[in-house]
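K.L.:
Provided below for reference: sequence and predicted model.
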Amino acid sequence: MAAHRQGKFFEMANKLYANMSDQGPAKLEEWAKEIGLDVEKFKADQKDPAVIKQVDDDAKAGGALGVTGTPSLFINGRKLEGGREQKDFEAAVEAELAEIEKLTKDGASPAVALGKRMRATKEGENYVKFAVERKSAPALASKGDKKDESVHPIEVADDEPSKGPKDALVTIAECSDFQ
């Protein structure tokens, strides 16, 4: 998150993932220099209570979602289980796209299709509930006796790293820990 404050979250994440066994303070400073960070600001931001709180809050949220190890991936609210190979990830995304496509062919709007997919499992319901509680997704209002099935992709706050279009039909949330 300290690297993110300087617009370099993914660059630092790539360094961390590539060097999982050697991540001491000296290495972090070395990588901060390599990716063009203001190293003194980076070191100060690592100690900033707001950054520490954000990391702690994210860790608690991961626990509430059933994250037991990292990295953990959620695809439209479903935890990716099993293989960690690229082909497993691609297959899960393709399967999710196919399910969304079926729902939209049956007449559902993309927002309704996404909502139905996210709520199709208990884990997905928990994911939507988590997003609403942290105010990163619109409240899900009831319409009479009928539940409003529309969901907009999980909104990412300005202080959270993200990639991709805001209107994607598949959202992927990754829980990582580099300590």
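P.N.:
That came through fine.
K.L.:
select the helix or strand of this protein having the lowest average pLDDT value.
P.N.:
Least confident element among the helices and strands of the chain, by mean pLDDT, DSSP states H and E: strand 142-143 (a mean of 37).
K.L.:
what's the helix ranked longest in the chain in contact with?
P.N.:
Using DSSP state H to define each element, the chain has its longest helix at helix 86-105. The contact list for helix 86-105 (C-beta atoms under 8 Å, 6 or more residues apart in numbering) reads 73, 75-76, 78, 80, 82, 110, 112-114, 116-117, 169-170, 172. From N, CA and C alone the C-beta is placed, and that goes for glycine too.
K.L.:
list the buried residues for that helix?
P.N.:
For helix 86-105, the neighbour count (16 or more other C-beta atoms under 10 Å) marks 92-93, 96, 99-100, 103 as buried.
K.L.:
so where do the helices sit in the protein?
P.N.:
Ranges of helices in the chain, per DSSP H, are 9-18, 25-34, 39-47, 49-64, 86-105, 110-119, 122-133.
K.L.:
chain center to the third one, what's the gap?
P.N.:
Looking back up the chat, that one is helix 39-47. In terms of C-alpha atoms, centre = their mean, to the nearest Å, the centre of helix 39-47 is set 24 Å apart from its chain centre.
K.L.:
what mean pLDDT does that helix have?
P.N.:
Across helix 39-47, the average pLDDT comes to 96.
K.L.:
pull out the buried residues from that helix.
P.N.:
Within helix 39-47, the residues that qualify as buried are 42, 45-46, counting by 16+ other C-beta under 10 Å.
K.L.:
repeat that for stretch 21-39.
P.N.:
In stretch 21-39, counting by 16+ other C-beta under 10 Å, buried: 28, 31-32, 37.
K.L.:
between the helices of the chain, which one is nearest to residue 161?
P.N.:
Closest to residue 161 of these, according to C-beta to C-beta: helix 9-18, at 3.8 Å.
K.L.:
tell me how far stretch 80-97 lies from the chain's centre.
P.N.:
In terms of C-alpha atoms, centre = their mean, the centre of stretch 80-97 is set 16 Å apart from its chain centre.
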